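**Q** Below are the sequence and a predicted model for it; my questions follow.
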Amino acid sequence: MDTSPDPQLPPQFLTSKPPAIQWSGVLVGSALLFLLLDLAHLPAAALIGPMIAGVVAGTNGASVRVPRWLFGAAQAVLGILIARSLELEIFRVIVEDWPLFLGGVLSTVAASSYLGWQISRWGILPGSTAIWGSAPGAASAMVLMADAFGADFRLVAFMQYLRVMIVALFAALVAAFLVDAPAVAQPTIVLFPPLEWPGFPITIATGLVGAVAGWLLRLPTPFFLGSMILGGLLHMAGGVAFQLPQWLLMIAYALIGWSIGLNFTRQILLHAARALPQVIGSILLLVMICAGIGLVLSELLEIDYVTAYLATSPGGMDAVAIIAAASGNANMSLIMAMQMARFLFVLLFGPLIARLLSKSSPD
């Protein structure tokens, strides 16, 4: 993609600034945006705030970038975060109710893949980029996977995180209006908790060993997948309890957000802005399709609609978990089992789906 300067655009004021000044602006902007998003109770504020700050800096000529080893470390932390949520109970629920999960997963993936394919066919975004951007998995993981398989991860991030916010808003509204139970108070988050022994050292060691193993095995997104696979095995088979203090998660989210945002150029941003109405339309359509799937599952399997809706909600797994806990009556194990089943399906088959669909769409 052409990233040469456009003479019609105003000068980029960060181009001539020293790296220390550029990073200072990025850090201050990230902190302010995080506070604003957090006060508005938007999900993933620690990631989206730094990403937006990075976009602003990148589109104004910033030349600073996150070192690759720090980006790899942040991916490893994300892998441990997902591994920590894997429980054998989830897989037992999936096996016992496999028709429910197969139908829910396949229908949601089919709907999102079709919408991504249509976006690419209409020439709004390139083929594989549109398909990865529509993939209903954990947003951060989908961005990393898209980058590994050659899609434009900046536009994928634009689609994924926009969907996270829209889906979280609709899910919160559904839970608020359809559940007659009082909201559960959110637990107080301790930014600097005491470091646990041996939980914290094991967490760091698992991330390091998993990242190196993923790199040696030439896995796609090796640091993320390597640490997630090793961490999941240790957690489920060995009962290992990982400690991911809030400060470490926030640093990892910020590093991933900056890595995405600082790679934006003005040309990329203008292209994303032109595609905004169509992208929002596709997200709203996907939300409605998943709401319909949830209604069918609710009727056929005699489960409450809020549980069915949150289970089929397309993406934003962390946000859905928080909303499900606050709703009081929702079946958390079923919701997380469905979300995890779909995430693992996209993780395994997403590259194949993207490759097949992108062959029949213009790039």
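**A** Nice, I can see it.

**Q** Any buried residues in the host helix or strand of residue 102, and which?
**A** In the assignment (DSSP states H and E), residue 102 maps to helix 98-121. Buried residues in helix 98-121, counted by 16 or more other C-beta atoms under 10 Å: 100-101, 103-105, 107-109, 111-120. To be clear about C-beta, it is placed using only N, CA and C from the backbone, and glycine gets the same treatment.

**Q** Repeat that for stretch 39-52.
**A** Buried, per 16+ other C-beta under 10 Å, within stretch 39-52: 42, 43, 44, 45, 46, 47, 48, 49, 50, 51, 52.

**Q** So which elements touch the helix holding residue 102?
**A** helix 127-134, helix 276-301, helix 305-312, helix 332-359 (3 or more C-beta pairs under 8 Å, 6 or more residues apart in numbering; DSSP states H and E).

**Q** let's go with 10 Å and repeat that
**A** For helix 98-121, the packing partners by 3 or more C-beta pairs under 10 Å, 6 or more residues apart in numbering; DSSP states H and E come out as helix 88-96, helix 127-134, helix 153-178, helix 276-301, helix 305-312, helix 332-359.

**Q** Give the rounded mean pLDDT of that helix.
**A** Helix 98-121 comes out with an average pLDDT of 85.

**Q** next one: stretch 44-57
**A** Mean predicted confidence for stretch 44-57 is 87.

**Q** Not including adjacent chain positions, what is the nearest residue to residue 196?
**A** Of all residues not flanking residue 196 in the chain, residue 243 sits nearest, at 4.7 Å (C-beta to C-beta, 6 or more residues apart in numbering).

**Q** element containing the one you found, please.
**A** Using DSSP H and E, no helix or strand contains residue 243.

**Q** My read is that it contacts residue 195, right?
**A** Yes - using C-beta atoms under 10 Å, residue 243 makes contact with residue 195 at a distance of 7.0 Å.

**Q** Which of those two has more residues huddled nearby?
**A** For residue 243 versus residue 195, neighbours defined as other C-beta atoms under 10 Å are more numerous around residue 243 (19 against 12).

**Q** And that one, how far from residue 228?
**A** With distances taken as C-beta to C-beta, to the nearest Å, residue 243 is found 17 Å from residue 228.

**Q** With residue 91 instead?
**A** 15 Å.

**Q** How about residue 236, nearest residue that isn't a chain neighbour?
**A** residue 88 (5.3 Å).

**Q** what's near enough to touch the one you found?
**A** 235, 236, 237 (C-beta atoms under 10 Å, 6 or more residues apart in numbering).

**Q** what about the first one, distance to residue 81?
**A** The gap separating residue 235 from residue 81 is 11 Å, by C-beta to C-beta.

**Q** Then the second one?
**A** Taking C-beta to C-beta as the measure, residue 236 falls 15 Å from residue 81.

**Q** Same question for the last one.
**A** Here the criterion is C-beta to C-beta. By it, residue 237 lies 19 Å from residue 81.

**Q** higher neighbour count, the two?
**A** When residue 237 and residue 81 are compared for neighbours, residue 81 comes out ahead with 23 against 9, by other C-beta under 10 Å.

**Q** quick one on the thing from earlier: so which of the buried residues of stretch 39-52 comes closest to residue 314?
**A** residue 43 (13.9 Å; C-beta to C-beta).

**Q** Residue 166 contacts residue 284, correct?
**A** Yes - at 7.2 Å, residue 166 and residue 284 qualify as touching, with contact defined as C-beta under 10 Å.

**Q** More neighbours: those two, which one.
**A** The neighbour count for residue 166 versus residue 284, taken as other C-beta under 10 Å, is higher for residue 166 (18 against 14).

**Q** so how far is residue 109 from the more buried one?
**A** 19 Å.

**Q** picking up where we left off before, got JSON lines for the buried residues of stretch 39-52, with secondary structure and distance to residue 73 too?
**A** Compiled in JSON lines, those are given as follows (DSSP: H, G, I helix; E, B strand; the rest coil; distance: C-beta to C-beta, whole Å):
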{"residue": "42", "secondary structure": "coil", "distance to residue 73": "26"}
{"residue": "43", "secondary structure": "coil", "distance to residue 73": "23"}
{"residue": "44", "secondary structure": "coil", "distance to residue 73": "19"}
{"residue": "45", "secondary structure": "helix", "distance to residue 73": "21"}
{"residue": "46", "secondary structure": "helix", "distance to residue 73": "16"}
{"residue": "47", "secondary structure": "helix", "distance to residue 73": "15"}
{"residue": "48", "secondary structure": "helix", "distance to residue 73": "20"}
{"residue": "49", "secondary structure": "helix", "distance to residue 73": "20"}
{"residue": "50", "secondary structure": "helix", "distance to residue 73": "15"}
{"residue": "51", "secondary structure": "helix", "distance to residue 73": "18"}
{"residue": "52", "secondary structure": "helix", "distance to residue 73": "22"}
